[in-house]
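J.: sequence unknown, structure follows:
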């Protein structure tokens, strides 16, 4: 009856007061009173938005990484999110934000392994459940056309109205094709587009890049993000579980190692960091190979980014990076150069990267790497460090050849990835341009206890700098109880000269991943003696050169502790002579 009263009160201006008095006694004449309950709004199911539609195709041009990616967003209250592939078991799916690939609330990204997809049509069903148990579902038709290799050379010129996914694969982020190219709509962690094939090895890429601004929030400059950046990744194979995160992030995976190298502009000034913004070339494990602050990137200005990778026989991928304004002529020389090892990825696609930045990528072209590039200024034969009897550390390196070399400096850090400090008095003059073998050394008399990393900084005559991977040294405060050696070492072969057999010995302080190879004077690999995991201790192996002609050969040891994949890699090379 209160419903009647309430209705009458809302229309009281049109009802006479005497009439209301007449009705009220009737409303309460009974013994039971019915309480008024306001109507509630109906619970709504989560809404699933797919950024590239309900019918998606992958692999028609080629396969740029291990996984296809289904990206989207869930709106509304969310209790759980899951998916199934081709009617299989239900799999949990993360929803953002996760501080990594899922930047915004409700974002999701399904890593669908090409190995799990059936050729042709596949069905993915996504289910979102709200906190009130309301269920929203959507189905995606996923067409696997993989099988063809992505062509090289390859080019794409984005234009309004064209389909982004017809010419590239979106790995992360919400992108849109605009009049100027492909633009990231929401800045976040590693917004990525993949182009190319996992089988690409030596190639060159040029991309037009315009940066509109950066994400200046604390999240962008947090240690997990490291500051905004825009650029190119080469020799990419796909996301992994390395490095591992706690708690683990499984779907999508958030590991990015291994990778070939990154060439980009890095904003480092923010939230107490006074280091200058700069151009950087980062190798695998994000180890800094080279950098330059000679020029600064300006917002709204179109630039051309050019990056190249070529395999140096017996050494690994040599990466080069340069940048210039699109309205200017291309500079003759590379801005940054860095050498990676054979233990790093030797093939893979390219990624366009907008990390916590708002950017537009214009036309992109990829071509096979040319054969006429000048060599790296320094051909480093070996780089090692060991503890002396006085508790000091002797750092030693050997060059096989030098071009325009002004000299070296030794840098030290307690972390493999830095920051590194230049050791006072470590500058060592180079030999300019030479094709002869030269040996160098420096003794650190102020060595620190514990694990220390040393890296080599090489300076050209034009003041360009290059960095070589750090080596790990442990200054033990106690004698090891396992009788294992403290340091890596590669020993001179015996006998030397030899005909046709000799023995090569090496020392491992612990169980390690080892690559021991033999090369001719052109750097070409002629034999692989060890490629695998070897126990710690004194090791040796026989080498038979019966199939080789007389002459000088080099043998190279690369080793990294199996228990610590982030530790620095030991590299050493020695010369031997075969006399027939």
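T.: Arrived safely. Everything numeric in this text was worked out from a predicted model, so none of it was measured.
J.: any idea where the helices of this protein begin and end?
T.: Assigned by DSSP state H, the helices in the chain fall at 2-10, 17-27.
J.: do you know how far the residue nearest to residue 145 when sequence neighbours are not counted is from residue 118?
T.: Nearest non-adjacent residue to residue 145, counting by CB to CB, 6 or more residues apart in numbering: residue 60, 4.1 Å away. Backbone N, C-alpha and C define where each C-beta goes, glycine included. The gap separating residue 60 from residue 118 is 16 Å, by CB to CB, to the nearest Å.
J.: So, low pLDDT: which residues of the stretch 1-150 of the chain?
T.: 1-43 (pLDDT under 70).
J.: surely residue 165 meets residue 60?
T.: No - if you go by CB atoms under 8 Å, residue 165 and residue 60 don't touch, sitting 9.5 Å apart.
J.: Now list whatever residues contact both of these two.
T.: In terms of CB atoms under 8 Å, 6 or more residues apart in numbering, residue 165 and residue 60 are not both contacted by any residue.
J.: who's more crowded, these two?
T.: More neighbours surround residue 165 than the other of residue 165 and residue 60, with 19 against 14 (other CB atoms under 10 Å).
J.: residue ranges of the strands in the stretch 351-500 of the chain, please?
T.: 357-368, 378-387, 393-413, 421-422, 428-434, 438-444, 450-460, 465-475, 489-490 (DSSP state E, counting those that start in this stretch).
J.: And the ones you listed: which comes nearest residue 530?
T.: Minimum separation from residue 530 across those (CB to CB) falls at strand 489-490, 11.6 Å.
J.: Domain map for the protein?
T.: 1-39, 154-368, 378-475, 489-578 (automatic domain parsing).
J.: can you redo those domains as a markdown table with distance to residue 101?
T.: What follows is the domains of the chain, written out as a markdown table (distance: least, CB to CB, whole Å):
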| stretch | distance to residue 101 |
| --- | --- |
| domain 1-39 | 42 |
| domain 154-368 | 5 |
| domain 378-475 | 21 |
| domain 489-578 | 21 |
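J.: mean pLDDT for the ones you listed: which is lowest?
T.: Looking over those, mean pLDDT reaches its minimum on domain 1-39, with a mean of 37.
J.: Beta-bridge partners for the residue lying closest to residue 352 once chain neighbours are set aside, please?
T.: Take residue 352 and drop its neighbours on the chain: the residue closest to it by CB to CB, 6+ apart is residue 193, 4.4 Å away. Beta-bridge partners for residue 193, by DSSP bridges, are residue 170, residue 352.
J.: Residue 414 touches residue 447, doesn't it?
T.: No - contact criterion CB under 8 Å: residue 414 and residue 447 do not qualify, at 11.5 Å.
J.: who has more neighbours, the two?
T.: Neighbour count, other CB under 10 Å: between residue 414 and residue 447, residue 447 has more, with 21 against 13.
J.: now the more buried one, nearest residue through space, not along the chain?
T.: residue 393 (4.5 Å).
J.: do residue 269 as well
T.: Counting by CB to CB, 6+ apart, the nearest residue to residue 269 once its immediate chain neighbours are dropped is residue 277, at 5.7 Å.
J.: Can you give me the buried ones in stretch 218-236?
T.: Neighbour-count burial for stretch 218-236, counted by 16 or more other CB atoms under 10 Å, picks out 220-221, 225-236.
J.: In those residues, find the pair that's most separated.
T.: Spatial extent of the buried residues of stretch 218-236 (CB to CB) is set by the pair 221 and 235 at 27.8 Å.
J.: which residues in the stretch 1-150 of the chain form strands?
T.: Taking DSSP E, counting those that start in this stretch as the criterion, the stretch 1-150 of the chain carries its strands at 47-50, 55-58, 67-75, 80-85, 91-92, 107-113, 120-129, 135-144.
J.: shouldn't the residue nearest to residue 269 be in contact with residue 297?
T.: Yes - Residue 277 lies in contact with residue 297 (CB under 8 Å); the separation is 7.4 Å.
J.: Now for these two: what residues contact both?
T.: residue 265.
J.: what's the distance between residue 197 and residue 533?
T.: Distance, residue 197 to residue 533, using CB to CB: 30 Å.
J.: Compare the two (neighbour count), which wins?
T.: The residue with more neighbours, out of residue 197 and residue 533, is residue 197; 24 against 10, by other CB under 10 Å.
J.: Contacts only, for the closest residue to that one other than its chain neighbours.
T.: Of all residues beyond its chain neighbours, the one nearest residue 197 is residue 150 (3.5 Å), with distances taken as CB to CB, 6+ apart. Residue 150 makes contact with 61, 62, 63, 64, 195, 196, 197, 199, 200, 349 under the criterion CB under 8 Å, 6+ apart.
J.: what about the spatially closest residue to the third one that is not a sequence neighbour, neighbour count?
T.: Nearest residue to residue 63, sequence neighbours excluded (CB to CB, 6+ apart): residue 146, at 5.0 Å. The number of residues packed around residue 146, counting by other CB under 10 Å, is 16.
J.: For residue 146, name its beta-bridge partners.
T.: Residue 146 forms beta bridges with residue 148, as assigned by DSSP bridges.
J.: what's the answer for residue 83, then?
T.: residue 91, residue 126.
J.: surely it meets residue 110?
T.: Yes - applying CB under 8 Å, one finds residue 83 in contact with residue 110, separated by 5.9 Å.
J.: Find residues that contact each of the two.
T.: 93, 124, 126.
J.: out of these, who's nearest residue 418?
T.: Set against residue 418, the nearest of these by CB to CB is residue 93 (35.8 Å).
J.: how close does the closest one sit to residue 251?
T.: 5 Å.
J.: what does residue 176 give?
T.: Here residue 176 is placed at a distance of 25 Å from residue 251 (CB to CB).
J.: So these two - more neighbours on which side?
T.: Ranked by neighbour count (other CB under 10 Å), residue 176 and residue 251 place residue 251 first, with 16 against 13.
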